[in-house]
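Colleague: this is a predicted model, with the sequence first.
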Number of protein chains: 2
Amino acid sequence: MHLTQSLHRNVQQQPDAPATVFGDRVRTFTESADRVARLGGALRALGAKAGDRVGMLAANSDRYHEYFYAVPWIGAAVTPVNIRWSPKEIVYSLDESDTQILFVDDMFAPMIPAIRDGFPGIREIIFCGDGELPDGCLDYEKLVADADPVPDTETGDDALAGVFYTGGTTGFPKGVMLSHRNLLTSALGSSATGHFLTPGGRLLHAAPMFHLADMASWVGGNLMGTTHVIIPFFTPEGVAQAIALHQTTDALLVPTMIQMLVDDPATANYDLSCQQHITYGASPISSAVLDRAQRTFPNASFIQAYGMTEVAPVATLLLPDDHKDPVLRTSAGRAAPHSEVKIVGPDDAELPRGEVGEVVVRGDHVMLGYWNQPEATAEAVRDGWMHTGDGGRMDEHGYVFIVDRIKDMIVTGGENVYSVEVENALASHPAVAAVAVIGVPDDRWGERVHAVIVLMPNATVTDEDLHDHAKELIANYKVPRSYSYTDELPKSGAGKVLKRELRKQFWDGERQVH
Amino acid sequence: MHLTQSLHRNVQQQPDAPATVFGDRVRTFTESADRVARLGGALRALGAKAGDRVGMLAANSDRYHEYFYAVPWIGAAVTPVNIRWSPKEIVYSLDESDTQILFVDDMFAPMIPAIRDGFPGIREIIFCGDGELPDGCLDYEKLVADADPVPDTETGDDALAGVFYTGGTTGFPKGVMLSHRNLLTSALGSSATGHFLTPGGRLLHAAPMFHLADMASWVGGNLMGTTHVIIPFFTPEGVAQAIALHQTTDALLVPTMIQMLVDDPATANYDLSCQQHITYGASPISSAVLDRAQRTFPNASFIQAYGMTEVAPVATLLLPDDHKDPVLRTSAGRAAPHSEVKIVGPDDAELPRGEVGEVVVRGDHVMLGYWNQPEATAEAVRDGWMHTGDGGRMDEHGYVFIVDRIKDMIVTGGENVYSVEVENALASHPAVAAVAVIGVPDDRWGERVHAVIVLMPNATVTDEDLHDHAKELIANYKVPRSYSYTDELPKSGAGKVLKRELRKQFWDGERQVH
């Protein structure tokens, strides 16, 4: 199995159907395949070899689709860059993965000098925007026009398809290595439920394409012969407009986006009855929001996908019928057809139903490992089981309820934030003696990053001081949205901060749904 | 990926739901898993080791389901025996695959002496019927009751899951080796269309379970959490009764079965509106039969699967919407999501659309190879592409139209018959000087086996003489249903019989649909 197989299949079956729609720009599968073969030729001419990493730092566009295909076409691996990261984090990931060729669009062109400074190993920057060509960059369209098309290397199976950076418990991002088989297994297994995508439908990309959740929907859509309708980024009205204009059938959204859509009065101006399937991830959806979303999208069925980058990414699915039950609706659903899921104790033995332990996942979708981190890989994947770091329990019918995050991670607006990264940033402020970062319930973001601060003797500081300091070091979405101050953090006998105690005032012990 | 994964998943998600329904006998997934673990323990105690072949010669039953799971559970491989074969052919396949442990039911118990005589290597015969225990056999239920359950070896991925015998061009059956991944890839890819099986539905097994087509539906059903409703063998009224009584949702049938169902007045006595999906294989379905079938099954959508044992077995699918078009309805559909399909010339280069060549198939579903026949494997699978032996053309939207069979094979009532096997049987009759066997159109069987005979000088023979002679040597379904006599067979310059010339009087050159 190889990722590019679906492009050949779509050219074979619907050569003149639109592969991508981006604003006024529509490209058929035949055009798309031709441009991919040329872009592959251009990358090859620039020295990209099999196994090399090729990055993209850009908002969504039809060129993201071409990049996703052209890189595996020549046997190389994609490294999509998180556009919300700080330049410091971006440079770290490019350097660590030795990504020497990078695509950058208009929106991120201003970052180019910082990237070149921070990672001198960068060899070529390809400008994939529509504005003026920045200094020292290659022009995407010129490369595609001038290049000789190269044949598909048909790289696949267990070969590296991409390195996807996620926050890490050590305070540094980790690169998750996924193979072709990893990505295709998750997509095929999710599609096998019949609720994920409409065969031959139109799939909206409003969630960021750099994110594996959206890329996974792209892989699934390719298998289903989907037309990709792409907008640069999420805005409530932009989504409503695209859905109505292009009559999209499917979309991947996070609950925060769904909430913003139903909250925005402008969406009422559009007929959204064409939408058939909405997949959402990252967290359960509240009954109140779901009921309103069902009114906004009268013909859509909702499906929740739970997983993580390390399982490419789907482990469990909450199917449309499951949503009818108010209790099940708060769960993450059940093991997808391709996936094994169980709840284990610290000794990795399966726990009886109802007991809380760590959620572990096994199957052909479990990552090859973390880039350059064999110890972290061995720690995470034991006996084939990916240890998610999520605490959960399973009911008598296999429904998984996530109740805690063993890895001390916060999910805010669909993004994972590891507390330790935020704590490191705040701890470097001279007024801070100790800090603990936790997730607290938030109506808009699901969870909000909150910091509990212990000040140095006689020091004074404002929330704004801390905010400005953190913003220099970490991505904006990781910066705490609220602060509280205390004399001492609660600690265990072993001196470990008892975050559960800190969270108590915000949560009632079970994972909350707002 | 391993085949037994789905059993664990179904126990996890619906422990008390019925896994199998066979007459009055209903077994839940929990019971089913317990019995599988015990049957595995019994097989292990009888000396079955990882990689060993374990056979079954039986009509359909819930024990076939347990056998399909218990054998891979201990890391061994299934060898389901074609119940329509002659004792000679059965012995050949058991001997060639060295299948030392064999399950046999009431219906085939009378064959046991011939099997022991023909293949002394057989060590144990397990009686899986409900009647009296034959001499020298082990009792299935006693084994299950007395055995200690063993843990699942979780054998999977590229390990051998089964050896499936099909007719061979050399006149001897060939054992197709399929891995866990082969079978699971075909099942996942077919399910991904959303038209194959109902999640949590009830799947009817009326087609013989030894046949890979039905076993493939079993694999798919397990992934979808299906209840298997099993009847011993196909009869029109038996099927109608089982559908109405057990409210089945899905079934795998061959066109001949569908025709017999719509032709039988008894089916009108049953409400068959519960049936959601009917998958049919082996050949296209005529418009007349399809229209009547749609009236018989008012809520069913029809899907045609084309493939062969060697691709585990699905290569292309004709989806429900495709059936609306009278031309597409005569095609075999388009490449399934997991499958690559193209039409090549004798040099293996892809031909332009519309030109007739050989249909070739690639993907994770292509067999490991033929058992003990590396040369035949190398001949069939070249550069990863399985050469189907079917002649076909592809239209501009990827629809494959099968127009000829390069391997000189006849498909009659869903069974493949290689002409050479029938020719060898007839040629051994003393009155026959030369013989050519072809498929001719038949209202009931799709194709009918027909023999064109050249007699020895001065010899005389009747159709009945030839029929009786052939029946001793080959399976009943392979024995010609009609004969014609001629002085000389048409031959090419190289002396090869020109079967196309012989077929001309029955066919108009394009594959016919009746």
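Modeller: Thanks, I have the structure now.

Colleague: partners of the closest residue to A:A427 other than its chain neighbours in the sheet?
Modeller: Counting by CB to CB, 6 or more residues apart in numbering or on different chains, A:A427 lies nearest to A:V435, which is 5.5 Å off, once chain neighbours are set aside. Heads up, the C-betas are built off the backbone N, CA and C, glycines and all. Note on A:V435: beta-bridge partners by DSSP bridges are A:I453.

Colleague: show me the contacts for A:V435.
Modeller: A:E423, A:L426, A:A427, A:A451, A:V452, A:I453, A:V454 (CB atoms under 8 Å, 6 or more residues apart in numbering or on different chains).

Colleague: please identify the residues of chain A in proximity to chain B?
Modeller: Proximity of chain A to chain B (CB under 8 Å from any CB of the partner chain) is limited to residues A:1, A:5-6, A:8-9, A:12-15, A:157, A:185, A:188-189, A:191-194, A:199, A:223-224, A:319, A:334-335, A:337-338, A:340-342, A:363-364, A:394, A:396-398.

Colleague: just the buried ones out of those, please.
Modeller: Buried members of these, counted by 16 or more other CB atoms under 10 Å in any protein chain shown: A:1, A:5-6, A:8-9, A:12-15, A:185, A:188-189, A:191-194, A:199, A:223-224, A:319, A:334-335, A:337-338, A:340-342, A:363-364, A:394, A:397-398.

Colleague: out of those residues, which are inside helices?
Modeller: A:Q5, A:S6, A:H8, A:R9, A:Q12, A:Q13, A:T185, A:L188, A:G189, A:S191, A:L223 (DSSP state H).

Colleague: contacts only, for the last one.
Modeller: For A:L223, the contact set (CB under 8 Å, 6+ apart) comprises A:S6, A:L184, A:A187, A:L188, A:S191, B:A192, B:P337.

Colleague: tell me the pLDDT at the third one?
Modeller: If I follow you right, that is A:A187. On pLDDT, A:A187 comes in at 96.

Colleague: A:G439: neighbour count?
Modeller: Burial of A:G439 is recorded as 23 neighbouring residues (other CB atoms under 10 Å in any protein chain shown).

Colleague: what residues are bridge-paired with it?
Modeller: Counting by DSSP bridges, the residues bridging with A:G439 are A:V449.

Colleague: now it: how far from chain B?
Modeller: 29 Å (CB to the nearest CB, to the nearest Å).

Colleague: would you check that that residue makes contact with A:E415?
Modeller: No. Distance between A:G439 and A:E415: 11.5 Å, which falls outside the contact criterion (CB atoms under 8 Å).

Colleague: how many neighbours does A:H195 have?
Modeller: Neighbours around A:H195, by other CB under 10 Å: 21.

Colleague: let me fix that, I meant to ask about A:E132.
Modeller: 9.

Colleague: same check on the one 3 residues further on?
Modeller: Residue crowding around A:D135 was assessed by other CB under 10 Å; the count is 9.

Colleague: any idea of the pLDDT on it?
Modeller: At A:D135, pLDDT is 95.

Colleague: same question for the one 10 residues further on.
Modeller: Looking at A:A145, its pLDDT is 98.

Colleague: include distance to B:D105 when you put the contacts of A:L223 into a markdown table, please.
Modeller: What follows is those, written out as a markdown table (distance: CB to CB, whole Å):
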| residue | distance to B:D105 |
| --- | --- |
| A:S6 | 44 |
| A:L184 | 40 |
| A:A187 | 41 |
| A:L188 | 36 |
| A:S191 | 38 |
| B:A192 | 35 |
| B:P337 | 37 |
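
Colleague: ok, the residues you listed vs A:A349, which is closest?
Modeller: A:L188 (30.6 Å; CB to CB).

Colleague: tell me the contacts of the nearest residue to the closest one once chain neighbours are set aside?
Modeller: Using CB to CB, 6+ apart and skipping residues adjacent in sequence, the residue nearest A:L188 is B:L188, 4.6 Å away. B:L188 sits next to A:T185, A:L188, A:G189, A:A192, A:P337, A:H338, B:L223, B:H338 when contact means CB under 8 Å, 6+ apart.

Colleague: ok, now how distant is the residue nearest the centre of chain A from A:W85?
Modeller: When CA atoms, centre = their mean is applied to chain A, the residue found nearest the centroid is A:H211 (3.2 Å). Computed as CB to CB, to the nearest Å, the A:H211 to A:W85 distance reads 12 Å.

Colleague: also A:D442?
Modeller: On the measure of CB to CB, A:D442 and A:W85 end up 21 Å apart.

Colleague: more neighbours, these two?
Modeller: Applying other CB under 10 Å to A:D442 and A:W85 shows that A:W85 carries more neighbours, namely 22 against 18.

Colleague: gap between the more buried one and A:Y165?
Modeller: Applying CB to CB, the value for A:W85 to A:Y165 is 8 Å.

Colleague: identify the contacts common to these two.
Modeller: With CB under 8 Å, 6+ apart as the test, A:W85 and A:Y165 both reach A:S93.

Colleague: was I right to think A:I285 contacts A:A293?
Modeller: Yes. Counting by CB under 8 Å, A:I285 touches A:A293, with 7.5 Å between them.

Colleague: for the two, list the residues in contact with both.
Modeller: A:I258, A:F302.
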